[in-house]
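Novice: only the shape, not the letters, is given here:
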């Protein structure tokens, strides 16, 4: 009986040990799985951050390329849509630039030209790409000459930039209501300096900087004549003083008077 009891006790102890070993194995498996998952998750996070950085740099490059491409583009509105070929469209554009704007232009100055959007009832605008930035600036400076015609010219912007400009226009209107000089330049707001304020500040500065020697003296007829002395640096003033001090020494000595040709006869 004792042997059987001992065997049962040993079996129970072995079972307890096996349970403990199984529990430890489960914990080890959980730890290894969690560790692997954490390592994979960290790797995924680093890859994702790298992809985000690459995407951001690529987006900036694409936007810069689009901006450079749009720098030489213009949109012409109000041109009748009855052309039958690309060359007819190009001739219309050249006629507007040469005849209406009085700017010399030929087909070599136009890189491309096309209608914007799908053909429908409304007249579609024309997008032109010029070969040089200088020609675009000339056209923009002379576009006021088209005010008496049905044509008008605007700068071309991509659709996403147009949407952003519409959003910025709300803020621009608020700034202008407050009296600030604000414009939209491409996709950002630019605050301009008030020229009137600047000129008034410069005038005040000039008045304050005037010395008594430069004050205005009134003439006999009531008009004011400025008595201004040109400001020079210290070295120039020194040279002027030296010249004025040396002036008396440069005067020629008075020569003795020669007797006149007429002689008096004795009485």
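Specialist: Nice, I can see it. Just so we're clear, the structure is a prediction, and the values are computed from it rather than from any experiment.

Novice: name the residue closest to the centre of this protein, please.
Specialist: residue 185 (6.6 Å; Cα atoms, centre = their mean).

Novice: quick check: that residue vs residue 80, distance?
Specialist: Noted for residue 185: a distance of 33 Å to residue 80, by Cβ to Cβ, to the nearest Å. For the C-beta atoms, the positions are set from N, CA and C on the backbone; glycine is no exception.

Novice: residue 101 is in contact with residue 145, correct?
Specialist: Yes. The criterion here is Cβ atoms under 8 Å, and residue 145 meets it with residue 101 at 5.6 Å.

Novice: of these two, who's got more company?
Specialist: Using other Cβ atoms under 10 Å as the criterion, residue 145 and residue 101 rank with residue 101 on top: 19 against 13.

Novice: which non-adjacent residue is nearest the more buried one?
Specialist: In space, and not counting its chain neighbours, residue 101 is closest to residue 142: 4.6 Å by Cβ to Cβ, 6 or more residues apart in numbering.

Novice: the one you found: neighbour count?
Specialist: 15.

Novice: what sits against it?
Specialist: 101, 102, 103 (Cβ atoms under 8 Å, 6 or more residues apart in numbering).

Novice: in strands only, show me the residues you listed.
Specialist: Among these, the subset assigned to strands under DSSP state E is empty.

Novice: let me know the closest of these to residue 191.
Specialist: residue 101 (31.7 Å; Cβ to Cβ).

Novice: quickly list what the residue nearest to the centre of the chain is bridged to.
Specialist: residue 188 (DSSP bridges).

Novice: quick revisit: in helices, which of the contacts of residue 142 appear?
Specialist: Judged by DSSP state H, the contacts of residue 142 include no members of helices.

Novice: possible to save those as CSV with distance to residue 55 and pLDDT?
Specialist: Formatted as CSV, the contacts of residue 142 follow (distance: Cβ to Cβ, whole Å; pLDDT from 0 to 100):
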residue, distance to residue 55, pLDDT
101, 43, 92
102, 48, 92
103, 42, 93
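
Novice: could I get those as TSV with distance to residue 150?
Specialist: Conversion of the contacts of residue 142 to TSV gives the following (distance: Cβ to Cβ, whole Å):
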residue	distance to residue 150
101	14
102	18
103	19
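
Novice: where does pLDDT dip in the stretch 101-250 of the chain?
Specialist: 194-250 (pLDDT under 70).

Novice: ramachandran angles for the residue nearest to residue 101?
Specialist: phi -100, psi 10 (degrees, to the nearest 10).

Novice: repeat that for residue 183.
Specialist: Dihedral angles (degrees, to the nearest 10) for residue 183: phi -130, psi 160.

Novice: can you count the residues close to it?
Specialist: 11.

Novice: distance of it from residue 48?
Specialist: 40 Å.

Novice: could you count how many residues lie near residue 107?
Specialist: The number of residues packed near residue 107 is 11, by other Cβ under 10 Å.

Novice: before we move on, what about residue 10?
Specialist: Neighbours of residue 10 under the rule other Cβ under 10 Å: 10.

Novice: so which of the contacts of residue 142 would you say is closest to residue 121?
Specialist: With Cβ to Cβ as the yardstick, the closest approach to residue 121 among the contacts of residue 142 comes from residue 101, at 28.5 Å.

Novice: ok, the closest one - contacts?
Specialist: So residue 101 contacts 138, 139, 142, 143, 145, 146 (Cβ under 8 Å, 6+ apart).
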